[in-house]
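**Student:** sequence first, predicted coordinates after that:
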Amino acid sequence: MNFKKIFSTAMAVTLAGSLLAACSNNNNKGGSEASSSPSASQASQTPAETKTPAEIRFTLASEPPSLDPALMVDAQSSIVASGLFDGLTRLNSAGEPEPAIAKDWKASDDGLTYTFNLRDDAKWSNGDPVTAHDFEYSWKRALAQETASDYAYMLFYLVNGEKYNSGEATADQVGVKATGDYTLEVKLNTATPYFNSLVAHYTYWPVNKSAVDGKPEWAADASTMVTNGPFLLKEWKHGDKLVLEKNPNFYDAAKVGFDMATITLVEDASTVFSLFNTDKIDWIGAQAGEVPSDQVPGMVKEGKAEIKTIASTYYYLFNTKQKPFSNVKIRKAFSMAIERQSIIDNVTKANQTPAFALVPPSIAGSEGKSFREMYPDQSFSSENVEEAKKLLAEGLKEEGLDKFPETTLLYNTSEGHKAIAEAAIDMWRKNLGIELKLSNQEWGTFLETRKAGQFGIARAGWGADFNHAINFTYDLIHSKSGNNDGKYNNPEVDKLLDGSFSATDDASRLDMISKAEKIALSDDMAVMPIYYYTTVTMQKPGFKDVVSDYAGHLDWAFGSKE
Amino acid sequence: MIRYVLKKFMFMLMSLFFLITATFVLMNAVPGSPLQSEKATSEQIQKNLEAYYGLDKPLIVQYGVYLKNLVQGDLGISMKKKFQAVDKIIGDSFKYSLKLGLVSIVTSVVVGCILGIISAMYHRKFLDNFSMILAVIGLSIPSLVIAPVLQYLLAVKIEAFEVAGLNRPMDYVLPTIALSAASIAFIARLIRSTMIEVLNSDFIKTAKSKGLAGHLIVWRHALRNSMLPVVTFLGFLMANVITGSVVIEKIFAIPGLGKFFVESVSNRDYPLIMGITIFYAVILMISRLLADIAYVLVDPRIRISGGKAGK
């Protein structure tokens, strides 16, 4: 039998092969153990002789989708890229702008023109000097239609920025011009006092024309990346890890404390926690890994983890275009019937701050005070079950409803959001006697349903793009904002927010913003804030200046290790 | 035989075409888009993005363009992982899934066969009971549980292994155990039951009465006949294991293909969804084809063309 013969030979080969493989596996194991132990002992000896490289190691849950400043849209990318690029200014950990590539800057009296003076000793990793022309090129590139940048709107502050993006103006008409090799002149649509912190945002970072032009894939590989920041991208093993090394040619190399940074991509929170416990990583938290929620209380109690407020707000949207939440009294009743502290103590458990407004505590105000210190939100509304019941009854009557209509609370699928939604539903049931339906959807579907207004109440969260109260007001409660999915519309609020752009001084600007916020949240209950986010962080001892920044993103680039 | 393979191959191509079409339609029918973001952009920005990725064209045109590129071997670029080529993402990550998968298949077959043979030879004795208890444990505890327990005990508590990653040969140990536990158990039970049957059959008795040594009987006669169901199972196992296990990859932070597949769907990363689906389909079909061919080679009773059935 031919087949039989073939088979028996094949079988024998397979078995022999697998046995051999098993053996050689063993050999490998033995070999690697044997070879790894001397090198390990070498490593432990070296500190006595030479300095070990100062390294920071942390994880990201997923790979940065892009490291091209014009195309970046997320925290993961910005945490890595903040080590690779340097903008005109850089925010310190408190969220205040400090000089970076720009030595200094000044705004014209009307606040419409900014002139940045650039330092002349900054270099690209390919050796080119970093000039004002690079910034002009990069900003226009981010606005250009063919770049297809999600965050192009960050540059709509520039004169003709939006028009160029829609093809109604030419690149030359955009309000940014290098008037010398090291002078950048920027013309703005409206006075924007926070423009010096806006230019620290990644969409405003420079790119090197010779590396970028005609090579859209330049930022997807370590070998083609040209950068100007404190670190160089040494290795990018997609899906696995990124290795950054100190840039010896950085203009302020003395300020760079780490010799290298290793960023591994680990999705599972308990794996991240185990890596930390076996000393494979130095940091967890602030979007660079997450402390597993069941570990948070214990770790905080033992003093191993720290909790820090960040500029993000967790809130529920009311569909103000539909009964019953078109009625302000019913919206107020729902908000009043929620016990925020109880949700924080029993569900979220990371010492969040109960929220009655939208602008989080870590957002700056003026004269060294935070916005919330200047305009506290505690008086905006209260939690009061009796009052809530009364308002609900009145509201239903005004709407001509004899009983509460069927309504859905929509959230995106996640254990955390589910627990909060269940707690809220339970409180409404207990306090108001109302039964809401829960509905969860996968992220992409959820966004589309919410955008289409197919909900009664929907979960929402907002994190800061830049450190100013306008980012939490105009973007969330202005009737023209694309993020206002509850379709709240109060012309008075719009007027105040629009007006804040032409205010001449910061005090009156913040005043107008705070008035708009108060009307929307205190009088109208446009949305229902629940809490201001915190982040739980853990780090190995000996690290300095590795922190969660105001927005809750890991800020490591200028940290050091003792 | 060649005609049989060719026929199978044509059938594969047709199935692939249907699969591509169905995936394309379904993917576009699901709410959400690769270009949506949590923070609203302007309408113009959305238009620019759509134009850039060709999503502004009618679906049928997009489909045509995709097929055209596919035939030329171009799987496109990811829409979410900016400017990473889909074929490169698949190639890079499949490497890990394949290595880990092959190691665990070999482990499954070798360990499974050994346990099975021992059980059959010591039928109803201590060793049989012992390995069958092991097999029941292996079958009934999902890898989802085995993996974190192994990780905690062996990597965190006694630090004998790395918590995550796949950099050194030693790093394969934990994920391999987690991945192959169930198939070891399955193969062991399969081998045991068929072998017990074979050992009781007439031709083995003949061999015994011929005076053939015990281990030779097992090796030359019994095992060969008991391998048949294992070969069938291998085709299935192959496809299952080398395409990557999402759970194991997540727990041990292995940059394999499974993770990218799940990610691509939640990101609505159309080119990546299509690319990985097609790749998986091809792998599955090829391993099925190989299993079919192996089956013919192993079992002479199955004849494809020519000759009479059986003998």
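**Tutor:** Received, thanks.

**Student:** buried residues, the strand or helix carrying B:Met10. List them.
**Tutor:** In this assignment (DSSP states H and E), B:Met10 forms part of helix B:2-29. Burial within helix B:2-29, assessed by neighbour count using 16 or more other Cβ atoms under 10 Å in any protein chain shown, is assigned to B:12, B:19-20, B:23-24, B:27. In short, each C-beta sits where N, CA and C put it, glycine included.

**Student:** same check on stretch B:32-41?
**Tutor:** B:32-36, B:38, B:40-41.

**Student:** and chain A, which of the residues you listed reach it?
**Tutor:** By Cβ under 8 Å from any Cβ of the partner chain, the members of the buried residues of stretch B:32-41 lying near chain A are B:32-33, B:35-36, B:38, B:40-41.

**Student:** and of the buried residues of helix B:2-29, the nearest to A:Phe58?
**Tutor:** B:Met27 (34.2 Å; Cβ to Cβ).

**Student:** wait, that closest one touches B:Gly275, no?
**Tutor:** No - checked against Cβ atoms under 8 Å, the pair B:Met27 and B:Gly275 is beyond contact range at 11.7 Å.

**Student:** helix, strand or coil: sort out the residue in the stretch 151-300 of chain B positioned nearest to chain A for me.
**Tutor:** Residue of the stretch 151-300 of chain B nearest chain A, by Cβ to the nearest Cβ: B:Pro255 (3.3 Å). Assigned with DSSP: H, G, I helix; E, B strand; the rest coil, B:Pro255 falls in the coil class.

**Student:** near the closest residue to it other than its chain neighbours, how many other residues are there?
**Tutor:** Sequence neighbours aside, A:Gly239 is the residue nearest to B:Pro255 in space, at 3.3 Å (criterion: Cβ to Cβ, 6 or more residues apart in numbering or on different chains). A:Gly239 has 23 neighbours, counted by other Cβ atoms under 10 Å in any protein chain shown.

**Student:** show me what contacts A:Gly239?
**Tutor:** Residues near A:Gly239 by Cβ atoms under 8 Å, 6 or more residues apart in numbering or on different chains: A:63, A:265, B:89, B:92-93, B:255-256, B:259-260.

**Student:** that one: what secondary structure?
**Tutor:** coil.

**Student:** quick one: it from B:Leu144, how far?
**Tutor:** Going from A:Gly239 to B:Leu144 by Cβ to Cβ, to the nearest Å gives 21 Å.

**Student:** then B:Ile45?
**Tutor:** Counting by Cβ to Cβ, the gap from B:Ile45 to B:Leu144 is 41 Å.

**Student:** any weak-confidence spans in the stretch 101-250 of chain B?
**Tutor:** Residue ranges of the stretch 101-250 of chain B with pLDDT under 70: B:243-244.

**Student:** my bad, should have said chain A
**Tutor:** By pLDDT under 70, the low-scoring segments of chain A are A:1-51.

**Student:** for the most centrally placed residue in it, grab phi and psi.
**Tutor:** Centroid-nearest residue in chain A: A:Ala75, 4.1 Å away (criterion: Cα atoms, centre = their mean). The phi/psi pair for A:Ala75 (degrees, to the nearest 10) reads phi -60, psi -40.

**Student:** who's in contact with it?
**Tutor:** A:287, A:463, A:553.

**Student:** quick one: which of the ones next to chain A among the buried residues of stretch B:32-41 is nearest B:Val241?
**Tutor:** When these are compared for distance to B:Val241 (Cβ to Cβ), B:Gly32 wins out at 30.8 Å.

**Student:** now do the contacts for the closest one.
**Tutor:** Counting by Cβ under 8 Å, 6+ apart, B:Gly32 touches A:442-445, A:447-448, B:268.

**Student:** and for A:Tyr488?
**Tutor:** Residues in contact with A:Tyr488 (Cβ under 8 Å, 6+ apart) are A:318, A:320, A:477, A:479, A:520, A:524, A:526-527.

**Student:** does the residue of the stretch 301-450 of chain A found nearest chain B count as helix, strand or coil?
**Tutor:** With Cβ to the nearest Cβ, the shortest gap between the stretch 301-450 of chain A and chain B falls at A:Gly444, namely 2.6 Å. Put simply, A:Gly444 is helix when judged by three-state DSSP.
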